[in-house]
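*Asks:* Below is the sequence, then the predicted model.
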Amino acid sequence: MPDWTLGELAERLGAERVGEAGLVLRGLRGLDEAGPDELSFLAHPRYRDQVAGCRAGALLLRPTDAELRPAGCAALLLEDPYLGFAAAMQLFHPPLPAAAWGRHPAAVVAAEAQVHPETWLGPGVVVEPGAVIGRGTRLMGLCWVGAEAHIGEDCLIHSGCQIRERCVLGRRVILQNGVVVGSDGFGFAPVEGGSIKIPQTGRVVIEDDVDVGAHTCLDRGTMGDTLIRAGVRLDNLIQIAHNVEVGPGTLMAAQSGVAGSTHIGAECRIGGSSAITGHIRIGDRVSIGGNSGVTGAIPDDRIYAGFPARPHREFLQQAAALARLPELLKTVRELERRLAEAERRLAGEPGAPAGEEKKHA
Amino acid sequence: MPDWTLGELAERLGAERVGEAGLVLRGLRGLDEAGPDELSFLAHPRYRDQVAGCRAGALLLRPTDAELRPAGCAALLLEDPYLGFAAAMQLFHPPLPAAAWGRHPAAVVAAEAQVHPETWLGPGVVVEPGAVIGRGTRLMGLCWVGAEAHIGEDCLIHSGCQIRERCVLGRRVILQNGVVVGSDGFGFAPVEGGSIKIPQTGRVVIEDDVDVGAHTCLDRGTMGDTLIRAGVRLDNLIQIAHNVEVGPGTLMAAQSGVAGSTHIGAECRIGGSSAITGHIRIGDRVSIGGNSGVTGAIPDDRIYAGFPARPHREFLQQAAALARLPELLKTVRELERRLAEAERRLAGEPGAPAGEEKKHA
Amino acid sequence: MPDWTLGELAERLGAERVGEAGLVLRGLRGLDEAGPDELSFLAHPRYRDQVAGCRAGALLLRPTDAELRPAGCAALLLEDPYLGFAAAMQLFHPPLPAAAWGRHPAAVVAAEAQVHPETWLGPGVVVEPGAVIGRGTRLMGLCWVGAEAHIGEDCLIHSGCQIRERCVLGRRVILQNGVVVGSDGFGFAPVEGGSIKIPQTGRVVIEDDVDVGAHTCLDRGTMGDTLIRAGVRLDNLIQIAHNVEVGPGTLMAAQSGVAGSTHIGAECRIGGSSAITGHIRIGDRVSIGGNSGVTGAIPDDRIYAGFPARPHREFLQQAAALARLPELLKTVRELERRLAEAERRLAGEPGAPAGEEKKHA
């Protein structure tokens, strides 16, 4: 882990420096853990109370929070301390270079595969005929690369991934452990008493700078391709069905799923455990709350939640109203009783006797 | 990919031919992509508008849609064009035969295993003692076959599957990548401060012609077996708990789950991301909507949805009513006010003054 | 499978024996399957009717159920027959010892790893430099153990698991197939048009006596650790995000998920397919119903359900009230009509004509 001076960090992060340029910082930790030779940060107002007791050597702060820092603590002032934190984490924890290029003796590479010499294929990596692996890419171990699959440059494929035949990964793609790229889509035509399998002949195409989480499954297209656009970030255990397109820069949280042929726009935020039905279009910059069930199209720039998913404000109103529903049922029953009584009086009948009223009370 | 003439296709699909029997078709693509030497299809009214601009050489159509086809485009008329599409896909994309029978030098096969010579065991396949693998079956690579597991004939096991000890697969079973067959069921008996593990001594038995999707988990029975009946199709990332039975011909979409000892009937359709509780019985030909939570038994031939799952019509009514609930709360509040006013008048009191009414408005 | 006499079982289970101490029992099966040389059990009143026809040699029963047993059937009486069943299963199915200690020739172990000689590393196990594997631990096959990972004593790691660099497993940890320990947490800081990855520099630490289900993913902490406390039981396909803590003795059922930095207390019961949001605290001994969506903190000793999760009693009331909502809408419409009529009469106007009333009926 490299050290950085306060001055270097200010320059790299585009932050205003408050303190000695030469102050050496050896790492980055949380407000309650960082010591005098470490950097820390305040990204969320929730943690403001912890700043006073913080022992860090320097803090990433909003300019408006500059006065919060304890005496003797330096600061780097910038508008988005969380982004500053992310950038500082990258500086303190640069991606490890491969220990060496080459292939482990326990990797199994078909003679007809095209593997750039500056790659690393760990033990138990299998590369089938016609597969291409670009310069700077590492497959850590126990990974399958199917026939004619194409993996671009500078990818990092963690152990246990399965990349099926003819699928394509762009540059700087990161697959966490156990990702499946190109499993058959779920295509069956119903027949009397069962179903027949529809061959899934398309591919999965993953563009540049995509991250895919552990055990996420990307099904190949039935005809044509399943597309994961540049800069997409997929969390763990996500299901992407055949012929789905996920637009550039979109983030999907864990255990969410998208059914077949749905198109998701650019820069969306899809909450965890949410389910999106097939054959619909989700616009750009759409946010979908966690645990939602999306049953129809959503235009650009909306925030949806719930099941069936609806505008977030409606979801909150309905959830609040639902909490009052048992009480409402009682109120309406009481209204019915009182109205019947009023009607009796209007009709010139005597009111219900006292005993009768008690029964309703 | 084999070519087919229009005449051959008409015969194979049982379709009425409109056009030259000798017309050669080299593939099958969507309405907006197919060219003059390709077949396309109209399976859903949603896409009727695209037919006029279609450049395909021939179209699969319902007889009642025959007139939609552009001039010069041949047709194959049949009642279920989607089924015709599935069958035509199988003709244009027949299952690839194994490149060769045998085993890769990097497969690890116990001496005591019984592996038919006409099988393919790819690199990194591990077969433990007493396992049996039938004729025509392929394990692509990096798969584990536990002791005394039994895999039938003509199965296709994609890379990364784990088939545990004593589990049984029938004939023509297809496992997509990363399927787990026979993990321990989740059986723990509560004790003060924790729980003790109940050994899971049963098996998973998969009958003939079953497809299982990527990363789906099938737990072995506690005692007795977990059963996946003939013709079942399971999508990706599904959980099947111990001692569940899934009836013949049933389809389950991705990320659905079934808790322990539940029996699902024949030819059901279970939507994606739905969760089914344990120890219940789901009848035959039941449809369960996506994202549902099933908390009790369901008789034959029902359509259920929502959480708690209920008849689909009720689910729709309740969802629609819920959307009107915030407005209903206001209506009832207003009714209360008006009724109180009516009651005052009936009692001979003067009405509320105007100012008072405004406050409620 | 060892045999046990009724006398031995009574002593081991702390049960009152009714029958010959020397009766030999050779196994344990369900009420409808057990034969004269087998033990069975009645743990749930649901199955009382099956006892009369049971052919088992002996039954585990509550003392108050002693009279249910058929003539000639012995009994072991104890307060918690399900716990007795679990203990008896452990006696009849003791954990198999390793066939041998050592390593398969197809295991790949870095020279710099510290592997105790009394371990078993199956075919396709990869152990990276600096990893430590304790005495009595077995890795069945096709598992990855990353650099400087530390696996304690007497663990059982089934095939297909990925244990990433620097993660820690305690003693007697069982991982079902395909578990991922230490994948990168989902940490990205939003920037114009996309996001930048936040390096995930923490670990996963699993304490003693933890079980983890197939394909469950445990993400490493961003900074600091993700913690799985002693005695936790996780089912299949669960997502545990970065910096989550799961308290001792807690059980989580399949397909549930916990978002980042949430702390779950001790001895909780989390239902299947439930989703818990990030940055909250769930108390001790909390039960969360299946398919719930938890959106806020929950104090100790509560039972919650639904989405948004709320006290279980409220959830049931609201679900019941929701079922009556369409009818309520009609009732309120009718009340409005009747009230308007009453108001007209009070104002001295004539009532609506009969035809008018019929229209509303």
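*Replies:* Thanks, I have it. Keep in mind that this is a model prediction, so the values were computed, not measured.
*Asks:* List of residues touching stretch A:61-68?
*Replies:* Under the contact criterion CB atoms under 8 Å, 6 or more residues apart in numbering or on different chains, stretch A:61-68 has outside partners A:16, A:18, A:41-42, A:48, A:51-52, A:69, A:75-79, A:81. In this view, the C-beta of every residue, glycine as well, is placed from N, C-alpha and C.
*Asks:* so which pair among the residues you listed is furthest apart in space?
*Replies:* Using CB to CB, the contacts of stretch A:61-68 reach their maximum pairwise distance at A:A52 and A:E79, which is 22.5 Å.
*Asks:* ok, back up a step: out of the contacts of stretch A:61-68, which is most surrounded?
*Replies:* Each of these was scored by neighbours using other CB atoms under 10 Å in any protein chain shown; the highest score is A:F41's, at 27 neighbours.
*Asks:* show me what contacts that one?
*Replies:* Residues in contact with A:F41 (CB under 8 Å, 6+ apart) are A:L28, A:L31, A:L59, A:L60, A:L61, A:P81, A:Y82, A:G84, A:F85, A:A88.
*Asks:* Quick one: the helices in the stretch 51-200 of chain A, in order.
*Replies:* Residue ranges of the helices in the stretch 51-200 of chain A, as given by DSSP state H, counting those that start in this stretch, are A:81-92.
*Asks:* what stretches of the stretch 51-200 of chain A score poorly on pLDDT?
*Replies:* Counting by pLDDT under 70, the stretch 51-200 of chain A contains no low-confidence segment.
*Asks:* residues in it within reach of chain C, list them.
*Replies:* By CB under 8 Å from any CB of the partner chain, the part of the stretch 51-200 of chain A that sits against chain C consists of A:80, A:82-83, A:85-87, A:89-90, A:92-93, A:95, A:104, A:106, A:122-124, A:140-142, A:158-160, A:174, A:176-178.
*Asks:* Please indicate which of those are buried?
*Replies:* Among those, those classed as buried by neighbour count (16 or more other CB atoms under 10 Å in any protein chain shown) are A:80, A:82-83, A:85-87, A:89-90, A:92-93, A:104, A:106, A:122-124, A:140-142, A:158-160, A:174, A:176-178.
*Asks:* Could you pick out the residues of the stretch 151-300 of chain A near chain B for me?
*Replies:* Counting by CB under 8 Å from any CB, the positions of the stretch 151-300 of chain A adjacent to chain B are A:160, A:162, A:164, A:178, A:180, A:183-184, A:186-191, A:193-199, A:201, A:215, A:217, A:219, A:222-224, A:237, A:239, A:241, A:255, A:257, A:259, A:273, A:275, A:277, A:279, A:293, A:295.
*Asks:* quick check: domain ranges of chain A?
*Replies:* Taking automatic domain parsing as the reference, chain A has its domains at A:4-92, A:103-314, A:325-360.
*Asks:* picking up where we left off before, what would the contacts of stretch A:61-68 look like in TSV with distance to C:I228?
*Replies:* TSV is the format used below for the contacts of stretch A:61-68 (distance: CB to CB, whole Å):
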residue	distance to C:I228
A:E16	42
A:V18	41
A:F41	27
A:L42	29
A:R48	31
A:V51	31
A:A52	33
A:R69	35
A:A75	37
A:L76	35
A:L77	39
A:L78	36
A:E79	37
A:P81	30
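*Asks:* thought A:D208 was touching A:V168?
*Replies:* No. Look at A:D208 against A:V168 with CB atoms under 8 Å: they stay out of range, at 11.1 Å.
*Asks:* more neighbours, the two?
*Replies:* Neighbour totals were compared for A:D208 and A:V168, and A:V168 leads with 20 against 17 (other CB under 10 Å).
*Asks:* Write down the beta-bridge partners of that one, one by one.
*Replies:* A:H150, A:V205 (DSSP bridges).
*Asks:* any idea how far it lies from A:G178?
*Replies:* With distances taken as CB to CB, to the nearest Å, A:V168 is found 20 Å from A:G178.
*Asks:* do A:K197 as well
*Replies:* A:K197 sits 25 Å away from A:G178, going by CB to CB.
*Asks:* same thing with A:D154?
*Replies:* To A:G178, A:D154 is 21 Å away according to CB to CB.
*Asks:* cool, A:D300 as well?
*Replies:* From A:D300 over to A:G178 (counting by CB to CB), the distance is 34 Å.
*Asks:* For A:G265, which non-adjacent residue is spatially closest?
*Replies:* In space, and not counting its chain neighbours, A:G265 is closest to A:D284: 3.7 Å by CB to CB, 6 or more residues apart in numbering or on different chains.
*Asks:* what's the pLDDT at the one you found?
*Replies:* Looking at A:D284, its pLDDT reads 98.
*Asks:* count of neighbours near it?
*Replies:* 16.
*Asks:* where's it, which helix or strand?
*Replies:* Using DSSP states H and E, no element contains A:D284; it sits outside every helix and strand.
*Asks:* same deal with A:R338?
*Replies:* helix A:325-346.
*Asks:* elements contacting that helix?
*Replies:* With contacts defined as 3 or more CB pairs under 8 Å, 6 or more residues apart in numbering or on different chains; DSSP states H and E, helix A:325-346 has these neighbours: helix B:325-346, helix C:312-323, helix C:325-346.
*Asks:* hmm, try it at 10 Å
*Replies:* Using 3 or more CB pairs under 10 Å, 6 or more residues apart in numbering or on different chains; DSSP states H and E as the contact test, the elements touching helix A:325-346 are helix A:354-360, helix B:325-346, helix C:312-323, helix C:325-346.
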